[in-house]
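# test case, fold it:
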Amino acid sequence: MTTLPSTSFKSPRKWLGGLDAESAGRLIAAAADVALVVDRKGIIRDVAFGNEELAQLVDGSWIGQAWSDTVTVDSRPKIDAMLRDAQSTARTRWRQVNHATGPAGLPVVYNAVEIGDDGRVIAVGRDLRGVSVLQQRLIEAEQAIERDYHRLRSAETRYRLLFQVSSEAVLVLDAATQRIVEANPASAELLGIPARRLIGRPFPENLGDENARAVQSLLAAARTSGAADEVRIQSAELGRDFLVAASLFRQEENTYFLVRLRPVGADAGATVVPKARSRALEVIERMPDSLVVTDMQGRVLSANRAFLDLAQMATEEQLRGESLDRWLGRPGVDLDVLLANLRQHGNVRLFATTLRGEYGTAVEVEISGVAVPHGDTPCLGFVIRHVGRRAPAGESRGGRELPRSVDQLTELVGRVSLKELVRETTDVIEKLCIEAALELTHNNRVSAAEMLGLSRQSLYVKLRRYGLVDAAAERAETG
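Numbering: from 1, shown residues only. Got it, this is the predicted structure:
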């Protein structure tokens, strides 16, 4: 049967019995960042530090003070509990307290042991400032990752939409195998092959030896210089000539060709462009995001079905001539801000506001817009995305919902009062710190409470407040 090692020395009298006071003091000072000698009344009688930085920070001012007077108000019950446990039990546990020292305070985790018969206590402490810095870096890293993921997701959405509605035939080839990786609808129509059947096929294919050599030379030139001039090829099957252009690009560790196909001849425009544009208009009409076109003053010219649903209007005719300001969250403010930015910059992205329906329903939306000042009819285009039903970004992390990022909070300026904004910002930071503490302690709530300088009761209250009780219990059961 295996005997577990003891948490204490088995024969302290035999091996440590000759230890004098000087040696014991050096040993305690070397083993701790902070060591205190406290009498039975809780008064600090002596202090030792593990490094000069801490000694200069305190500057000997603790000696003669009550131990509880050197810490913040919320840490005082922990001091009392440590002194009580040290004088009544042989085993004590570590507790984190926050000393009211320096501009940012001094977090220290202590364990107290009674020595002698007169109630004296030795408190051995470890400096936790390094852990606090790591916690802050963790929070900043999580927020940066969330912002980067949001930007990447937005960029991918824009790319997909442009790729699908483009009237120009575009193919993406794997540079190593020259097989088609992606093909847009325009290329499928031009080649007379459904897009799903194009994927995985080699390019060029069925173009004849001479055309194949021309395309191979084009791709070789693009591989060398990054881009190449157009070459003209003729397809006997389709009975028309094509101009083929190629450019090279890298994505992560892979290399791809972007191949553009353009028909040559009088029927080129009539064959491809009108159908592609018709398809684009149908996509816009059916897309789940709202699209509104207005004149330069913000009066509605046209809108798709999604906007009719948000505005709770029956037909597009009911919208025409009405100011977009009629449905935006802050009448006389939001539209003016949008118009000013469009006049100055030509576009605006992710403008956060609310949109009101005709029957009083209000939803959170993000608006992106572009100005088209030139042409037969100068106009403004707005894409309005309903973000109230958006799935929390934290669901990919075990159902844990991430709070607002700093960028999102600053976007609320003007929409809510400063008091509400400050309260929400405080809640964001508090929730992030609690989640970080639970992760660092593997969901040990007692240790998390000590790390945060809270009582267990206070931590449980905050867990319930932020909806973390179920998530924490689930992590405990699956961990």
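# pull out the buried positions in the helix ranked longest in the chain.
The longest helix of the chain (DSSP state H) is helix 129-165. For helix 129-165, the neighbour count (16 or more other Cβ atoms under 10 Å) marks 129, 131, 135, 138-139, 142-143, 146, 161, 165 as buried. Backbone N, C-alpha and C define where each C-beta goes, glycine included.
# same thing with stretch 342-355?
Buried residues in stretch 342-355 (16+ other Cβ under 10 Å): 342, 348, 351-353, 355.
# name the residues that touch that stretch?
154, 310-311, 327-330, 334, 337-338, 341, 362-371, 380, 384, 386-387, 408, 411-412, 415 (Cβ atoms under 8 Å, 6 or more residues apart in numbering).
# then stretch 364-382?
Stretch 364-382 is contacted from outside by 290-296, 298, 301, 310, 324, 338-339, 341-343, 346-355, 383-388, using Cβ under 8 Å, 6+ apart.
# can you give me the helices for the stretch 251-400 of the chain?
Using DSSP state H, counting those that start in this stretch, the helices found in the stretch 251-400 of the chain span residues 268-286, 305-311, 334-345.
# mean pLDDT for those helices: which is lowest?
Lowest mean pLDDT of the helices of the stretch 251-400 of the chain: helix 268-286, a mean of 58.
# let me see the ranges of the strands in the stretch 1-150 of the chain.
For the stretch 1-150 of the chain, applying DSSP state E, counting those that start in this stretch gives strands covering 34-38, 44-49, 95-99, 106-114, 121-127.
# quick one, the fourth one and helix 129-165 angle?
Put simply, strand 106-114 runs at 140 degrees to helix 129-165, going by axes from the mean of the first three to the mean of the last three Cα atoms, to 10 degrees.
# sorry, back to before: which pair in the buried residues of stretch 342-355 spans the largest distance?
L342 and L355 (17.9 Å; Cβ to Cβ).
# now do the contacts for I180.
Contacts of I180 (Cβ under 8 Å, 6+ apart): 171-173, 198-203.
# now for those: which two are most distant?
Maximum distance among the contacts of I180 (Cβ to Cβ): 13.6 Å, for V172 and P202.
# looking at the two, which is more packed in?
V172 (18 against 12; other Cβ atoms under 10 Å).
# wouldn't that one be in contact with R179 here?
No. Here V172 lies out of contact with R179, judged by Cβ atoms under 8 Å, at a distance of 10.1 Å.
# excluding its backbone neighbours, what's nearest L308?
Leaving aside its chain neighbours, L308 sits nearest to E316 (6.8 Å; criterion: Cβ to Cβ, 6 or more residues apart in numbering).
# oh sorry, the question was meant for V215
P204 is the one closest to V215 (Cβ to Cβ, 6+ apart), at 4.4 Å.
# where does the stretch 251-400 of the chain have low pLDDT?
265-280, 375-376, 388-400 (pLDDT under 70).
# what does the model give the residue most central in space within the chain for pLDDT?
The residue lying closest to the centre of the chain (Cα atoms, centre = their mean) is E146, at 1.2 Å. E146 carries a pLDDT value of 86.
# relative to R356, how far out is it?
29 Å (Cβ to Cβ, to the nearest Å).
# equivalent analysis for I180, please.
Taking Cβ to Cβ, one finds I180 at 47 Å from R356.
# then I63?
Distance of I63 to R356, given as Cβ to Cβ: 65 Å.
# could you check which of these two has the larger neighbour count?
R356 (17 against 13).
# from what I see, that one and P331 are in contact.
No. Contact between R356 and P331 fails when scored by Cβ under 8 Å: they sit 9.2 Å apart.
# quick one: contacts for the nearest residue to P331 once chain neighbours are set aside?
Among residues not flanking P331 along the chain, D325 sits closest, at 5.6 Å (Cβ to Cβ, 6+ apart). Counting by Cβ under 8 Å, 6+ apart, D325 touches 298, 331-332, 334-335.
# which of these are buried?
298, 334-335.
# out of those, which is nearest to R93?
Distance to R93 across those (Cβ to Cβ) is lowest for D334, with 55.4 Å.
# report the separation between that closest one and F351.
Where F351 is concerned, D334 sits at a distance of 8 Å (Cβ to Cβ).
# thank you, goodbye.
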